[in-house]
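In: here's my sequence, what's the structure:
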Amino acid sequence: MKIILSNGCEMRLEGQTGTFALALSSFMDVAEADVEYVRLIMDASSPAVLPELSLKWSCAAVDVQGLWHPTVERSRGLIPDWRQGFPSRSTSSAPVICLYGNRGNNVLTFACSDVLSPVELHAGLNEETSSFHCSVTLFADPGAPEDHVEVMLRLDTRSHPYYDALKRVGEWWAGLPGCNPSPVPDAAREPVYSTWYSFHQQLSPDAVEAECRAAAAMGCKTVIMDDGWQTSDETRGYAYCGDWRVSADKIPDLKAHVTRIHELGMKFMLWYAVPFIGKHSQAWARFKDKLLYVSDELGAGVADPRYPEIREYLTGIYEQSLLEWDMDGFKLDFVDSFYAKGDQYLPADGQDTGSVPEAVDKLLSGIISRLRQLKPDILIEFRQNYIGPLMRKYGNMFRAGDCPNDALENRIRTIDIRLICGSTAAHSDMLMWNPRESSAAAALQFINVLFSVPQISVRLDRLPEEHTAMLAFWLSFWREHREVLLDGRLEPQHPELLYPLVTARTTRKWVIAAYHDTVIPVTGDLPELVVVVNGTLLSRLVLELDRDTGPLEICVRDCQGIVTAEYPLNWNSGVHTLEVPAAGVITVQSVSGKE
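Out: Residues are numbered from 1 along each chain as shown. As a prediction, the model looks like this:
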């Protein structure tokens with residue numbers, strides 16, 4: 001079966017249809033010219049296992065610089081058509097690919113409406129034709145029997161910025177049935193202190209409370225107590241997960257500890273490895289025969305959510321935690337570990353579905369529903385790569401995947417999340433650095449995650465004085481400019497170079513961060529305030545204006561916020577070099593816009 005797309009390209013549907021009758025059609029979006037939708041409808045007289053099918057088409061390799069997908073990380077290059085594509089499912093990644101050009105322009109962005117089931121997307125270069133062979137493979141993991149299925153494919157060929165194309169995909173997903181994103185409480189958009197890199201599993205209530213006092217004074221509004229609270233074992237495994245009782249050796253009275261944190265004006269979140277039933281837990285004897293699989297390396301099995309008993313057990317844990325200890329939120333970890341390994345898809349005894357994705361949806365939807373009944377503004381954090389459209393339904397905080405001490409990786413990961421997460425709060429991986437770093441080098445850890453909510457995880461009581469001053473300054477800077485950093489129009493340039501220049505704009509303010517020695521284009525009429533951040537250890541920034549300006553006031557600060565220069569300036573169009581300390585910041589304010 002095939003159809004002809006609006007650009008004259010042929011799209012083919014390949015695979016054995018089995019007992020299903022198929023209909024394949026396309027239509028253009030009236031509101032967005034050059035956005036085309038392909039609809040696949042499958043019907044059967046009685047429920048049947050879905051056959052594996054692939055939608056395939058070609059795209060000329062003209063002005064294509066790179067490929068973006070939620071899990072590409074640093075590998076932004078084009079791939080050949082014989083290489084494997086990019087898998088996606090509800091708890092891992094998202095079904096979208098963007099081919100972009102040399103000027104950051106979109107060439108082709110395509111996305112799939114099936115955000116629950118395993119899907120594979122591919123855009124590989126064919127050497128013989130110098131074109132991209134594109135495909136979306138559905139139902140490779142057949143799931144439970146169905147009698148009616150409808151899948152949509154969105155294709156955007158407009159020549160507009162790649163980040164706008166991806167933003168529109170996120171908005172499209174958010175409007176699909178069953179994908180309504182969670183509300184985002186203001187607390188999800190406030191700086192966080194995390195215990196992971198600062199304490200790991202060696203937790204002490206007194207030490208954590210001391211850190212929280214310092215963090216609260218700097219502007220942090222939430223603490224996440226990470227792994228270690230539930231076990232006296234400190235070997236970093238998961239063999240003791242599953243019971244989720246407080247280790248009395250470490251935390252004699254968690255409720256009193258939470259109360260003291262609340263008195264500091266901070267929210268309290270608790271970490272859970274959702275799927276794991278550890279071999280040394282009491283839950284192991286109860287659930288060892290109701291596991292998807294067992295990992296000897298982790299020392300734990302993965303609970304099978306197709307059993308209502310499992311879902312109720314896990315949901316009850318978080319419900320009881322909230323009620324007993326007055327939790328404000330949960331860091332729900334490792335949910336991407338829920339997947340089948342060679343399973344049959346008819347429900348076994350005691351299961352109410354044969355589909356693992358459907359069961360995970362029931363589990364997470366049930367958890368969020370019950371917790372919100374108790375606390376409507378409950379905070380739920382998920383970690384990359386579980387940052388797809390359905391995860392927005394369950395959670396309101398998406399954190400970058402672990403990249404300790406790696407500022408560049410943290411920048412890549414936070415920007416990648418921002419491109420498709422809409423209003424869901426994108427958080428950095430927890431910031432850490434060696435206290436022997438210079439204060440400017442340490443500041444780069446923060447500067448690289450400016451366009452996300454920062455999470456801090458250094459021992460504040462062990463920081464050198466200049467590091468403390470630096471961190472306090474950048475936290476206050478971030479809070480001052482939070483509206484534009486999180487809500488402004490986000491423009492990450494050159495994804496093929498890992499976002500060396502990122503701008504966020506509102507009508508009144510721009511924040512520009514330069515992470516490499518590059519000319520910073522400043523185009524258009526300047527707003528009241530332009531903030532240019534030096535995300536390097538160089539001592540100058542180079543700006544290029546496309547027009548003359550009126551009178552301006554310049555203020556230059558170093559990485560600790562100390563003013564190093566102030567002067568008036570009238571800029572002419574052209575290239576200008578401004579001195580600024582390493583990891584410092586320049587504010588450019590129009591005299592007419594100054595209050």
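
In: looking at the protein, which strand is longest?
Out: Ranked by residue count and defined by DSSP state E, the top strand of the chain is strand 35-48.

In: so which elements touch that one?
Out: Where contact means 3 or more CB pairs under 8 Å, 6 or more residues apart in numbering; DSSP states H and E, strand 35-48 is packed against strand 21-28, strand 53-60, strand 146-156. For every residue, glycine as well, the C-beta is placed using N, CA and C.

In: relative to Val511, which of these is closest?
Out: Proximity to Val511, assessed across the helices and strands packed on strand 35-48 by CB to CB, is greatest for strand 146-156 (27.4 Å).

In: could you export the strand or helix carrying Ile512 as PDB, CA atoms only?
Out: Secondary structure here is read from DSSP states H and E; on that basis Ile512 sits in strand 509-514. As requested, the backbone C-alpha atoms of strand 509-514 are provided in PDB (Å, rounded to 0.1, in the frame of the first residue of the first chain):
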ATOM      1  CA  LYS A 509      14.900  41.100  28.000                       C
ATOM      2  CA  TRP A 510      17.400  38.800  26.200                       C
ATOM      3  CA  VAL A 511      19.900  36.400  27.900                       C
ATOM      4  CA  ILE A 512      22.700  35.200  25.700                       C
ATOM      5  CA  ALA A 513      25.200  32.600  26.800                       C
ATOM      6  CA  ALA A 514      28.400  32.000  24.700                       C
END
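
In: list the buried residues in the helix or strand following it.
Out: Using DSSP H and E, the helix or strand that follows strand 509-514 towards the C-terminus is strand 519-522. Judged by neighbour count (16 or more other CB atoms under 10 Å), strand 519-522 contains these buried residues: Ile520, Val522.

In: so what strands line up beside strand 519-522?
Out: strand 540-545 (parallel) (DSSP bridges).

In: contacts for the partner strand?
Out: If you take CB atoms under 8 Å, 6 or more residues apart in numbering as the criterion, strand 540-545 is touched by 514, 517-523, 532, 534, 571-580, 586.

In: so, low pLDDT: which residues of the stretch 301-450 of the chain?
Out: Flagging of the stretch 301-450 of the chain using pLDDT under 70 yields the residue ranges 342-345.

In: hmm, back to that, weed out the non-buried ones from the contacts of strand 540-545.
Out: Going by neighbour count (16+ other CB under 10 Å), those have Ala514, Ile520, Val522, Val532, Asn534, Trp571, Leu578, Val580, Ile586 buried.

In: in what helix or strand does the closest residue to the last one other than its chain neighbours lie?
Out: So that's Ile586. Residue nearest to Ile586 in three dimensions, not counting chain neighbours: Val532, with 4.6 Å by CB to CB, 6 or more residues apart in numbering. When secondary structure is defined using DSSP H and E, the element that contains Val532 is strand 529-534.

In: what of Lys393?
Out: Per DSSP H and E, the secondary structure element for Lys393 is helix 389-394.

In: chain center to that helix: distance?
Out: Shown here is helix 389-394, whose average C-alpha point lies 11 Å from the average C-alpha point of the whole chain (CA atoms, centre = their mean, to the nearest Å).

In: and for stretch 307-319?
Out: 26 Å.

In: and if you look at stretch 488-496?
Out: With CA atoms, centre = their mean as the basis, stretch 488-496 stands 15 Å off its chain's centre.

In: before we move on, what about stretch 329-341?
Out: Centroid separation between stretch 329-341 and its chain, computed with CA atoms, centre = their mean, is 15 Å.

In: repeat that for stretch 356-366.
Out: 20 Å.

In: and the contacts of it?
Out: Stretch 356-366 is contacted from outside by 89-91, 116-118, 143-144, 292, 304-306, 310-311, 314-315, 332, 335, 338-340, 343, 351, 353, 390, 393-394, using CB under 8 Å, 6+ apart.

In: just the ones of those in helices?
Out: Ile310, Arg311, Leu314, Thr315, Leu390, Lys393, Tyr394 (DSSP state H).

In: so who does the residue nearest in space to the middle of the chain touch?
Out: Centroid check for the chain by CA atoms, centre = their mean gives Ile417 as the closest residue, at 3.4 Å. Contacts of Ile417 were listed using CB under 8 Å, 6+ apart, and they are Gln384, Ile387, Phe398, Ala400, Ala426, Ser452.

In: list the contacts of the last one.
Out: The neighbours of Ser452, taking CB under 8 Å, 6+ apart as the test, are Ala400, Thr414, Ile417, Arg418, Ala426, His427, Ser428, Leu486.

In: Three-state assignment for the second one, please.
Out: It refers to Thr414. Each residue gets one of three states, and Thr414 gets helix by DSSP: H, G, I helix; E, B strand; the rest coil.

In: setting aside sequence neighbours, what's the nearest residue to it?
Out: Residue nearest to Thr414 in three dimensions, not counting chain neighbours: Ser452, with 3.8 Å by CB to CB, 6+ apart.

In: and among the helices and strands packed on strand 35-48, the most buried is which?
Out: Stretch with highest mean neighbour count among the helices and strands packed on strand 35-48: strand 53-60 (a mean of 19; mean count of other CB atoms under 10 Å).

In: within its sheet, name the partner strands of the very next helix or strand once past that one and how each one runs.
Out: Taking DSSP H and E as the definition, the helix or strand that follows strand 53-60 towards the C-terminus is strand 66-68. Each strand that strand 66-68 pairs with, and the sense of that pairing, follows from DSSP bridges: strand 96-100 (antiparallel).
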